[in-house]
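Asker: Attaching a predicted model along with its sequence, questions to come.
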Amino acid sequence: MTEEKLNTSGLEIPKELENVIQLTTLDRIYNWSRRNSVWPMMFGLACCAIEMICTAASRYDLSRFGMEVMRPSPRQADVIIVSGTVTKKMVPQIVRLYNQMAEPKYVISMGACANGGGPFKEGYSVVPGIDKFLPVDVYIPGCPPTPQALLNGLITLQKKIDGESISKVRWYQKNVEEGIPIPVLGPDLMDPRQYDDISRFGRIQSPEIVDDDHIKNEELDENDTGVAS
Amino acid sequence: MDGSGIIRGLLIPLKHFFVTYIDDLKWLGKKYFKPEGISLRSSAETRGIFTVQYPEEKLPVPEEFRFIPFLVYDEGQDGSRQIRCTACGICTKVCPPQCIWIERHNDAETGRPVSTPVSYTIDIDLCMNCGFCAEFCPFDAIRMDHDYELANTNRYEHDVLQLEELLKPASYYASIRPENYTREEVRKAEKLASKTIKTTEMDTANPN
Amino acid sequence: MNDPVDSFMNFDLISRYPGLVKKDQRTGYSGYIVEADCLVQFARAVRDELGFDYLSMITAADYYPDDLMDVIYLLYRTTGGPGILFKVQVSRLDSKVPSLSSIFAGAELQEREVWDMYGISFEDHPDLRRILLWDGFEGHPLRKDWKEPLFEEDSKPYKDRWPAGKHKRQEDLNPFKNNVSYPIGFEPEHFSSNNEKALYDALNKTSGNLNGSLKTDQIIVNLGPQHPSTHGVFRMAALLEGETIIDLKPVMGYLHRSHEKIGERNTFLQNMPYTDRLDYISSMSNNFGYALAVEKLMAVTPPERAEYIRVIMAELTRISSHIMTTGFLLNELGAMFTPSLYALEERELILDIFEEVSGSRMMCNYFRFGGVVRDISDSVIEKIRKLVFNRLPRKIDELDRYLTHNEIVRLRTEGVGVLTADEAAAYSAGGPLLRASGVPYDVRKAEPYSIYDRFKFDVAVRYHGDIYDRYLVRLDEMRQSIRIIQQAIHDIPSGPVMTGKSQYQPKVPAGEAYGRVEGPKGELGFYIVSDGKQNPRRYHVRAPSFINLTALSEMSKGEKVADVIAILGSIDIILGEVDR
Ligand code: SF4
Ligand code: SF4
Ligand code: SF4
């Protein structure tokens, strides 16, 4: 990456001290140090994962961004790149991995599949977007996004990190959220946050009935807890 | 099993290591941040450092590269936009994940369909970048874009492309796919020419 | 399907089992229809007396609304030549078929898949559980009357896309805002899930105490689905005693993307880009197999130049896949990254070529029925020439020098994960896995397709059946592929690359067809049933990675945990193809 200017503009430093002293805000140095060592989790799902590997390899070289340290353990990772199709069978594991990551943690959704189901969305075994379960920070469209598109997404994430403020970030707040409830594999994928709805709408089975059921839909909208923000 | 195999093997990374310096010296200053340097690094002769330092330097994409589709419009003399798409619907039929939605209206007076789409939507969270829409469009109206830098922080705002976001001028199309563009223009000109010949022939055949 | 075997076998099979075996008379179909009662005898006779010792594929097809399902078996000889196809017809309501796993060990996983997808139960199957979905899932999704939660219409194109297409997200119509539906009256609070129990029970805990007098506990360890060296989301449940594997079960389906269900809804052409996403590092080969299968039904052949282009692309794919596998195998052995980084560099150069001809690095979508999308320019040919005459041979030699005689590599791989020739054939292993065990079976030679009969090349074969030999076979194959491309580049004629015009709704006559190619992972086949409509009635992928995994358990028994990772790496699975 280009030389990072840490100095906050507007603060005068004597010429002779320019390379010795830097004046900056706490936020900037906090973000600067974090943005340059975002360690991704070594975690691939599908075709997009191959492009992620290529991004880490010599041609695109993630280490230029301080991201070469792919950690197999979620405890040591800062960002989970959901690279590929999220299936119902896999989503409990993904949520568990996310819960195990230590704050600050970020989620990148790579590729059409992770964004919104992609070409396989209509299938019976696919989750239409990882954002149904995890709070996604950056979406990278494409099928698959080329390595350069992934790098572009990582830079977008860095920009997002730059915009954060130490006093507002969620991991220093008082009431820390508990983890996301882990979905359960029953007759179909079950989100524990929706258990009430499942009992209420469990009778709806065929999609034709669902279409006509706008009354019930509206009723549900009021206390919709299904989608992670 | 005396370890010589390991030593011989390790000499190869060592050679790679030295070659990076030799190669850098050889191409002194020409290898990085220059188009010819980038093409050198993606040719079969490449040695030494292989990295392309996105975003400062970008690996150029080939002409046929496809990412997300866009709609082409022609610029009229007076700056007006002429959308090529006639809302014929073929792209919606070929699209494998069915991610194109087109709304076509009928003319209130004649009842005939209006030949521009009222709305045209592509959900790029479904699109699989297959290129079928561009391949089978009979009016050269939809083409595959080269722009891959689409990362965003909110897919609900950015990932459903409407007509306005999809439209790009023919000059842009010509700039990213010069060969295809020229080929299509030539073909169109030929068609037009043969049509005019035909009509003139008919005119001469039936002078009245 | 064209089945020259019939001519010399008629005398035998039909008269031997009077009334139980008959020819499949439906138009466009071939092979035999066997009564379920005599299936086992029939299969044994076909294997032992006619020499069809390689069970290539088991699948099923649903003929809803008729009360009829076919279970389809396809067998080949490992000595080459065309195969024999036979079917068992069952009722949809009560579907039972005897299992063939006692005769062909390779039937095990495939029969589980048929059970999972169609609910056809195989009697006497050793371990009949769901495989791609989880135990407890509701329904058998490939049955034609089973509808998924986001179901829109039976076949594409959907009518609401045009002319009144208003964008909607299908999941928003679902009351759960997600791709789910539940059985009527289902109460999640009272639901207790124990879908792992059957798996753990299936592990064979009784296989004796290895340490003799010392009593040790056996423990179950799960490797995956999130594990850095399982090549994606694959899981192995291993029963360990100390460090030694007593039994191991592959658990898959973590990337099951409903490929076949979607494929049956797509039009024939729309499936082409989906095949890219099967074995996503060798999309050209997948295109090839699918194009061959549909071309068989349509009875078109591509023009000469297109055939050459196809071969060049398929062989480049093989090189890129093998070189990547070789690099990553070393990763698995602990040589972190350096070999795979070198391998990926060469792969990038090959991908550049794919990107230039097809428009995408990985998802090429380059083949059409009767040709390829576009011609390749002279500059691309020049690039390929430079690669195959100069760079790639040099780099493969380098990899060879770097690794082949490395003592650590040899100690870790020689004699590990051994599969004998008989076992390999019985387990229906394919590709390098089979050839490293001493069975010189390569579809390119056994039943040449396209124009492979014109090229001089050897089938790479090694005889120890261990990881080291698999690695060597891959090296040899890359060299052979280079040889083929060199000849193809030399001979490539000019001319059109497409027979007729590429149509988006090609007319595909009714019937069945099986097209197969030698993919980088093994025999990649597409079984397609058309009933004359726009979309296939049955679309099945004979996925080599999936079937190769049948032998994993056998190879791993008695090995150490660390070696299992290497064994898995040497099979070279791609999860997109395993789970589909
Ligand atoms: S977005 Fe495309 S490339 Fe990525 S996982 Fe999905 S199908 Fe594969
Ligand atoms: S983009 Fe082309 S194919 Fe699609 S509706 Fe417009 S003119 Fe028809
Ligand atoms: S590129 Fe393919 S998936 Fe995308 S809009 Fe076009 S036809 Fe549909």
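Answerer: Noted; the coordinates are in hand. Ligands and ions are numbered 1, 2, ... in the order given.

Asker: Let me know the secondary structure of the residue lying closest to residue C:524 once chain neighbours are set aside.
Answerer: The shortest distance from residue C:524 to any non-neighbouring residue, by CB to CB, 6 or more residues apart in numbering or on different chains, is to residue C:289 (4.7 Å). Where C-beta positions appear, they are placed from N, C-alpha and C, glycine not excepted. The three-state assignment at residue C:289 reads helix, by DSSP: H, G, I helix; E, B strand; the rest coil.

Asker: hang on, isn't residue C:289 packed against residue C:516?
Answerer: Yes. Checked against CB atoms under 8 Å, the pair residue C:289 and residue C:516 is within contact range at 6.2 Å.

Asker: Now do the shared contacts for the two.
Answerer: Residues touching both residue C:289 and residue C:516 by CB atoms under 8 Å, 6 or more residues apart in numbering or on different chains: C:524-526.

Asker: and the residue of chain B nearest chain A?
Answerer: residue B:125 (2.9 Å; CB to the nearest CB).

Asker: how close does that residue get to residue A:114?
Answerer: 9 Å (CB to CB, to the nearest Å).

Asker: Okay, domains of chain B per the record?
Answerer: Domains of chain B are assigned by automatic domain parsing as B:1-58, B:67-176.

Asker: Mind checking the ones you listed for the one nearest to residue C:46?
Answerer: Set against residue C:46 and scored by CB to CB, those come closest in domain B:67-176, at 38.5 Å.

Asker: picking up where we left off before, without its sequence neighbours, what residue ends up closest to the residue of chain B closest to chain A?
Answerer: Nearest one to residue B:125, counting by CB to CB, 6+ apart, is residue A:116 at 2.9 Å.

Asker: Name the nearest residue to residue C:234, ignoring sequence neighbours.
Answerer: That would be residue C:224: by CB to CB, 6+ apart, it lies 5.3 Å from residue C:234.

Asker: got the contact list for that neighbour?
Answerer: With contacts defined as CB under 8 Å, 6+ apart, the neighbours of residue C:224 are C:230, C:233-236, C:251, C:254.

Asker: Look at it and report its pLDDT.
Answerer: Note on residue C:224: pLDDT of 75.

Asker: Chain C - how does it break down into domains?
Answerer: Using automatic domain parsing, the domains assigned to chain C come out as C:4-123, C:259-575.

Asker: Give me the number of neighbouring residues for the nearest residue to residue C:232 once chain neighbours are set aside.
Answerer: Of all residues not flanking residue C:232 in the chain, residue C:575 sits nearest, at 3.6 Å (CB to CB, 6+ apart). Residue C:575 is flanked by 30 other residues according to other CB atoms under 10 Å in any protein chain shown.

Asker: Next up, the contacts around residue C:575.
Answerer: Per CB under 8 Å, 6+ apart, neighbours of residue C:575: A:46, C:231-234, C:252, C:254-255, C:545.

Asker: Next, count neighbours for residue B:78.
Answerer: Per other CB under 10 Å, the neighbour tally for residue B:78 reads 5.

Asker: let me redo that: residue B:90
Answerer: By other CB under 10 Å, the residues close to residue B:90 number 20.

Asker: just residue A:88 next, same as before
Answerer: Residues lying near residue A:88 (other CB under 10 Å) number 25.

Asker: just residue A:15 next, same as before
Answerer: Burial of residue A:15 is recorded as 6 neighbouring residues (other CB under 10 Å).

Asker: you'd agree residue C:237 is in a helix?
Answerer: No. Residue C:237: not assigned to a helix; according to three-state DSSP it is strand.

Asker: Quick check: nearest residue in space to it, chain neighbours excluded?
Answerer: The shortest distance from residue C:237 to any non-neighbouring residue, by CB to CB, 6+ apart, is to residue C:249 (4.8 Å).

Asker: roughly how far is the helix or strand harbouring the one you found from the heart of the chain?
Answerer: Assigned by DSSP states H and E, residue C:249 belongs to strand C:244-251. On the basis of CA atoms, centre = their mean, to the nearest Å, strand C:244-251 sits 22 Å off its chain's mean C-alpha point.

Asker: Mean confidence (pLDDT) on it, please.
Answerer: On average, strand C:244-251 scores 86.

Asker: helices or strands up against it?
Answerer: If contacts are counted by 3 or more CB pairs under 8 Å, 6 or more residues apart in numbering or on different chains; DSSP states H and E, strand C:244-251 sits against helix C:197-202, strand C:235-241, helix C:552-556, helix C:561-571.

Asker: how about JSON lines for the ones you listed, with mean neighbour count and mean pLDDT added?
Answerer: Output for the helices and strands packed on strand C:244-251, formatted as JSON lines (neighbours: other CB atoms under 10 Å in any protein chain shown; pLDDT from 0 to 100):
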{"stretch": "helix C:197-202", "mean neighbour count": "14", "mean pLDDT": "77"}
{"stretch": "strand C:235-241", "mean neighbour count": "20", "mean pLDDT": "85"}
{"stretch": "helix C:552-556", "mean neighbour count": "23", "mean pLDDT": "87"}
{"stretch": "helix C:561-571", "mean neighbour count": "23", "mean pLDDT": "87"}
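
Asker: Turn the ones you listed into a markdown table, columns for distance to residue C:184.
Answerer: A markdown table is the format used below for the helices and strands packed on strand C:244-251 (distance: least, CB to CB, whole Å):
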| stretch | distance to residue C:184 |
| --- | --- |
| helix C:197-202 | 25 |
| strand C:235-241 | 32 |
| helix C:552-556 | 39 |
| helix C:561-571 | 42 |
